[in-house]
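S.K.: predicted model, plus sequence, below.
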Number of protein chains: 2
Amino acid sequence: MNAMDSNIRILVADDHPLLREGLSGMIAGQPDMKLVAEAENGEQALQAYRTHQPDITLMDVQMPKMNGIDAITAIRSEFPAARIVVLTTYKGDAQAVRAIKAGASGYLLKSMLRKDLVETIRSVHAGRRRISADIASEMAEHMADDELTTRERDVLSRVAAGNANKEVAAQMGISEETVKTHMKNVLTKLSARDRTHAVVVAVRRGIIDL
Amino acid sequence: MNAMDSNIRILVADDHPLLREGLSGMIAGQPDMKLVAEAENGEQALQAYRTHQPDITLMDVQMPKMNGIDAITAIRSEFPAARIVVLTTYKGDAQAVRAIKAGASGYLLKSMLRKDLVETIRSVHAGRRRISADIASEMAEHMADDELTTRERDVLSRVAAGNANKEVAAQMGISEETVKTHMKNVLTKLSARDRTHAVVVAVRRGIIDL
DNA sequence: GATGTCCTCCCCATTTCGGGGGATGGCGGG
DNA sequence: CCCGCCATCCCCCGAAATGGGGAGGACATC
């Protein structure tokens, strides 16, 4: 095995050109790593993965066309062995959980240092998992919590849009009483004091989007 | 005037090392620009500005210790001629307005292309102002709107934290009736359907933080 | 087939909100 | 000095939300 073969081949998927530039520079500075492709959205990432089948994929979550989570799911359904590291600004523990469940091997903050990032890449390439300490502890805090059900998230999203229970009921084709029940459960699960607080907590934790 | 003197001397202030790396690389690629210092928070930015007095400062809004807006205010109070370009992920028109009012000469999104960014730097260096088209149009949409008063923002923040009007009143040492009055005004000004919607709108527009 | 979770619906009572009106004093700009 | 904006407080009232209870059916898991 020569030096060429031992390179860790990397795909970068992020919609910020400047950040890609930064990553590219960082990778260029590592003798054992090589950037093989870039993508600026989830669809391109999937395409690029098919073409290059990189050893490691660095993926942002928030991207146009197809978000990072869906891209991970898509890639992993075709290539179950794909090693993907999510690189994101903080968006709550729930998003991290979704990424991990989708098959990510790492979850890092963009604010992390170069050194830690290259370490993580080598680590994940060697088959380990890596989650930023702050995110890990945040995830741990909510481990015991019941997650919101699909229906509860749906109701909460509509409430966040400014709909009254009655309106939500009409939109979802269910009774207002059912909406109330869902909201009661949401308030309990999120330890929120009222619906407004519930929306804030859910957004902070990445459970719903604004 | 030799080539050295004609360089645009740049200070970069952003808490993401990777983005600084990207900017640094971009600047290095321009023959007429030179990166003279980096900062990873507002305090460092102020310090670095005093030391280097750069021609252009690229500043993120969201930074630890001292945020970008406060840093701009601080720098401009000492150096009224400072030309500062805000570089940020989108956080609503209100934040942009605050930055401009604080004295920023430009407001750009991090998702913008290298080419546009270097153009903007030259443009601002030449004394012009530059605001991203999307942000400008967003700002225009709300030009006619009444802004929230200090008190109204204060009330709304507390409501976002899950406090009932009565609790907000107690915290602020005013009557519940007054809180209601403020909330009525907030709902009207933000065209919100209820308090929950008001919080969502205010967060989206960068009027309050989560 | 028993258990559990989810979704659905219903009852009760109390509290909180939202929308309408009006009123006062302060403070700064014109 | 007057006007406008801000902040404060008050009234009334109907609508909405909250908090407690219970309960049935679907569906998957074990």
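M.R.: Okay, I see it.

S.K.: for the longest helix along chain A, buried residues please.
M.R.: Counting residues, the longest helix in chain A under DSSP state H turns out to be helix A:176-190. Residues of helix A:176-190 classed as buried: A:179, A:182-183, A:185-187, A:189-190 (neighbour count, 16 or more other CB atoms under 10 Å in any protein chain shown). C-beta here means a position set from N, CA and C on the backbone, and glycine is covered the same way.

S.K.: need the residues you listed in JSON lines (columns: distance to B:Asn163 and pLDDT).
M.R.: Below are the buried residues of helix A:176-190 laid out as JSON lines (distance: CB to CB, whole Å; pLDDT from 0 to 100):
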{"residue": "A:Val179", "distance to B:Asn163": "24", "pLDDT": "98"}
{"residue": "A:His182", "distance to B:Asn163": "23", "pLDDT": "98"}
{"residue": "A:Met183", "distance to B:Asn163": "18", "pLDDT": "98"}
{"residue": "A:Asn185", "distance to B:Asn163": "22", "pLDDT": "97"}
{"residue": "A:Val186", "distance to B:Asn163": "18", "pLDDT": "98"}
{"residue": "A:Leu187", "distance to B:Asn163": "15", "pLDDT": "97"}
{"residue": "A:Lys189", "distance to B:Asn163": "20", "pLDDT": "96"}
{"residue": "A:Leu190", "distance to B:Asn163": "16", "pLDDT": "97"}
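
S.K.: mind listing what A:Ala82 touches?
M.R.: By CB atoms under 8 Å, 6 or more residues apart in numbering or on different chains, the contact list for A:Ala82 reads A:49, A:57, A:75-76, A:103.

S.K.: cool, and A:Ile56?
M.R.: Taking CB under 8 Å, 6+ apart, we find A:Ile56 in contact with A:8-11, A:83-85, A:121, A:124-125.

S.K.: closest to A:Ala164 among those?
M.R.: Ranked by distance to A:Ala164 (CB to CB), these are led by A:Ile84 at 41.1 Å.

S.K.: with adjacent residues omitted, what lies nearest to that closest one?
M.R.: A:Thr57 (4.5 Å; CB to CB, 6 or more residues apart in numbering or on different chains).

S.K.: quick one on the thing from earlier: now, the contacts of A:Ala82 that are in helices?
M.R.: Judged by DSSP H, helices contain the following of the contacts of A:Ala82: A:49, A:75-76.

S.K.: now flag whichever of those is closest to chain B.
M.R.: Among the ones in helices among the contacts of A:Ala82, A:Tyr49 lies closest to chain B (CB to the nearest CB), at 21.5 Å.

S.K.: could you measure from the residue nearest to the closest one when sequence neighbours are not counted over to A:Met183?
M.R.: Distances taken as CB to CB, 6+ apart put A:Ile75 closest to A:Tyr49, at 5.0 Å, once the chain neighbours are dropped. Look at A:Ile75 and A:Met183: by CB to CB, to the nearest Å, they are 36 Å apart.

S.K.: close to DNA strand C, is whichever helix or strand comes after the longest helix of chain A?
M.R.: Following helix A:176-190 in sequence order, the next helix or strand is helix A:195-204 (DSSP states H and E). No - judged by CB under 7 Å from any atom of the strand, helix A:195-204 makes no contact with DNA strand C; its nearest approach is 7.8 Å.

S.K.: got the residues of chain A near DNA strand C?
M.R.: Residues of chain A lying close to DNA strand C by CB under 7 Å from any atom of the strand are A:146-147, A:149-152, A:169, A:172, A:174-175, A:177-178, A:180-182, A:194.

S.K.: ok, A:Ser24 to DNA strand C distance?
M.R.: Computed as CB to the nearest atom of the strand, to the nearest Å, the A:Ser24 to DNA strand C distance reads 43 Å.

S.K.: next: A:Leu156.
M.R.: Distance, A:Leu156 to DNA strand C, using CB to the nearest atom of the strand: 11 Å.

S.K.: run a quick neighbour tally on that residue.
M.R.: 27 (other CB atoms under 10 Å in any protein chain shown).

S.K.: same check on A:Leu108?
M.R.: Residues within reach of A:Leu108, counting by other CB under 10 Å, total 21.

S.K.: wait, is it part of a strand?
M.R.: Yes - in this structure, A:Leu108 lies within a strand as judged by DSSP: H, G, I helix; E, B strand; the rest coil.

S.K.: skipping adjacent residues, who's closest to A:Val155 in space?
M.R.: Closest residue to A:Val155 apart from its sequence neighbours, by CB to CB, 6+ apart: A:His182 at 4.3 Å.

S.K.: for DNA strand D, see how far away that neighbour is.
M.R.: 10 Å.

S.K.: could you measure from that residue over to A:Ser132?
M.R.: 33 Å.

S.K.: please apply the same query to A:Met63.
M.R.: A:Met63 sits 20 Å away from A:Ser132, going by CB to CB.
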